[in-house]
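K.L.:
with the input below, show me the fold.
(one chain, ligands or ions: 2)
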Amino acid sequence: MKHFGRSSRRRLLQMGAAMGGGLLAGQQKVLAWDTPGKLGTPLGPYGERSPFEKAVRWRRESGTPETGSSFTPLQDSVGTLTPSSLHYERHHAGIPTIDPAKHRLVVHGMVDRPLSMTVAEIRRLPSVTRTLVLECGGNSASEWAARTGPDVQRSYGLASCSEWTGVPLSLVLAEVGVRPGAAWVIAEGADACRMERSIPLAKAMDDILLAYGQNGEAIRPAQGYPLRLIIPGWEGNTSVKWLHSLKLTDQAYMARDETAKYSDLMPDGKTRIFTYQMEAKSVITFPSGGQTMPGRGLYELTGLAWSGRGRIERVEITTDGGRSWVNAQLQEPRLPIAFTRFRLPWRFDGRDAVIASRATDESGYIQPTREALVAVRGTNSIYHFNGIKYWTVKADGTVTNVEV
Ligand SMILES: Nc1nc2c(c(=O)[nH]1)N[C@H]1C(S)=C(S)[C@@H](COP(=O)(O)O)O[C@H]1N2
Ligand SMILES: [Mo]
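P.N.:
Ligands and ions are numbered 1, 2, ... in the order given. The predicted structure is shown next:
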């Protein structure tokens, strides 16, 4: 066990102690290595995963194949990053094929010096790199309904975490010279629907990225190649992909995706709009809906927590339906607005268990119960569900979604 850090070693010892020493009890001893005598496959120009690995995105079409969503298999994820090939996708008009040499970003409207820039020109500017979660405002929409999604992929998979590289938007805005009276930036994508969102100038001056890099290479076509907005902590819809226009205005556009969509009908008949902020949220990924426990014994219960407001401060776990809660271990470093992996040793003793996680972020915000959320927002909402998520582990080892 020499290769484990001191704290991991201590945890393994704790887990060992928790089950009376035999951490690997019941597993067969390896008597001899199976050493194949033939050469492996040759080197390759671009990597692929092992053919034994089968995790894939689950796709939901909304009318046509171009206008759907695909969901990250969170149940298969380890660590805190989402591989680019498994990043969730949400397209309103398919994935355009854009030649970066022909692409332009135009910054215009209430500015002193309008600019048209190539991607190469943007990449020459000082860049920053940040690991950030991107979550669709409609993630976990099924949780508002009485009959919830069957597994963590379908109910939580519209969230992924990547390392993004790009140029701060504030830098480009300083170059063009924002005119007095300008209060909004209207971002528009180059896809067939010309997706538009209105972004308050204060946020544009704060931490928005004109991103061209994802996990160490160019952004994938599905994620907005060659250029997209990355708006930290805000609903994914605002992070406009295939970005080709930024227009400074004194008013919001009231575009389709901020009025008809991505708005929340409240119980009193009024609609909340411009609900940009994503709140603290967490979910247990193992054990989770659709999985089957291989047997009784010691396991590591694990999952992901994140918050649009900053770092995750604490994740508590219940295995008795919410009667008692204990703190999970949090994987360091805990980056703001990024997936934080939590873990807890747990013994499945063959009795029904109702498990859930509850996250607290650095602002002190505590993830609410579904009931508390519904009491304020009713059940007309589609977006911004972040209630505590319960799974039932049945005596026979099957894991299901709790129906409310
Ligand atoms: N131009 C454009 N930008 C877009 C979209 C789109 O359809 N077109 N979808 C939005 C939505 S609803 C979300 S949740 C995120 C999804 O980003 P991803 O596909 O990289 O995960 O992009 C946003 N930006
Ligand atoms: Mo979205």
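
K.L.:
stretch 293-308 and ligand 1, are they touching?
P.N.:
No. Stretch 293-308 stays clear of ligand 1 (CB under 6 Å from any ligand atom), getting no nearer than 13.2 Å. C-betas here are computed from N, CA, C, even on glycine.

K.L.:
quick check: Ser77 vs Leu304, distance?
P.N.:
8 Å (CB to CB, to the nearest Å).

K.L.:
ok, now Glu235?
P.N.:
18 Å.

K.L.:
which one's more surrounded, these two?
P.N.:
Using other CB atoms under 10 Å as the criterion, Glu235 and Leu304 rank with Leu304 on top: 29 against 24.

K.L.:
just want the phi and psi numbers for that one.
P.N.:
Main-chain torsions, Leu304, degrees, to the nearest 10: phi -130, psi 140.

K.L.:
so what's the spatially closest residue to it that is not a sequence neighbour up against?
P.N.:
If you skip the residues right next to it in sequence, Leu304 has Phe339 as its closest partner in space, 4.9 Å away by CB to CB, 6 or more residues apart in numbering. Phe339 makes contact with Thr80, Leu81, Thr82, Val133, Cys161, Leu304, Ala305, Trp306, according to CB atoms under 8 Å, 6 or more residues apart in numbering.

K.L.:
try 7 Å this time
P.N.:
Residues counted as contacts of Phe339 (CB atoms under 7 Å, 6 or more residues apart in numbering) are Thr80, Val133, Cys161, Leu304, Trp306.

K.L.:
which of these fall within strands?
P.N.:
Members of the contacts of Phe339 lying in strands (criterion: DSSP state E): Val133, Cys161, Leu304, Trp306.

K.L.:
and which of the residues you listed is nearest ligand 2?
P.N.:
Ligand 2 lies nearest to Val133 out of these, by CB to the ion, at 13.2 Å.

K.L.:
count of residues packed around that closest one?
P.N.:
Val133 has 26 neighbours, counted by other CB under 10 Å.

K.L.:
before we move on, back to that, CSV for the ones in strands among the contacts of Phe339, including pLDDT?
P.N.:
Formatted as CSV, those follow (pLDDT from 0 to 100):
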residue, pLDDT
Val133, 98
Cys161, 98
Leu304, 99
Trp306, 99
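
K.L.:
now those as a markdown table including distance to Ala101?
P.N.:
Shown next, in a markdown table, are those (distance: CB to CB, whole Å):
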| residue | distance to Ala101 |
| --- | --- |
| Val133 | 31 |
| Cys161 | 30 |
| Leu304 | 38 |
| Trp306 | 36 |
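
K.L.:
how near is whichever residue of the chain sits closest to ligand 2 to Arg60?
P.N.:
Residue nearest to ligand 2 within the chain: Cys136 (3.3 Å; CB to the ion). With distances taken as CB to CB, Cys136 is found 12 Å from Arg60.

K.L.:
check Arg220 too.
P.N.:
Noted for Arg220: a distance of 19 Å to Arg60, by CB to CB.

K.L.:
next one: Glu371
P.N.:
For Glu371, the distance to Arg60 equals 27 Å [CB to CB].

K.L.:
for Val152, same thing?
P.N.:
For Val152 relative to Arg60 (CB to CB), the value is 15 Å.

K.L.:
neighbour count: these two, which is higher?
P.N.:
Using other CB under 10 Å as the criterion, Val152 and Arg60 rank with Val152 on top: 31 against 12.

K.L.:
quick one: the more buried one and Phe286 touch, right?
P.N.:
No. Val152 is beyond contact range of Phe286, at 8.8 Å (criterion: CB atoms under 7 Å).

K.L.:
in stretch 195-213, which residues are buried?
P.N.:
Of the residues in stretch 195-213, 195-199, 201, 203-204, 207-213 count as buried by neighbour count, 16 or more other CB atoms under 10 Å.
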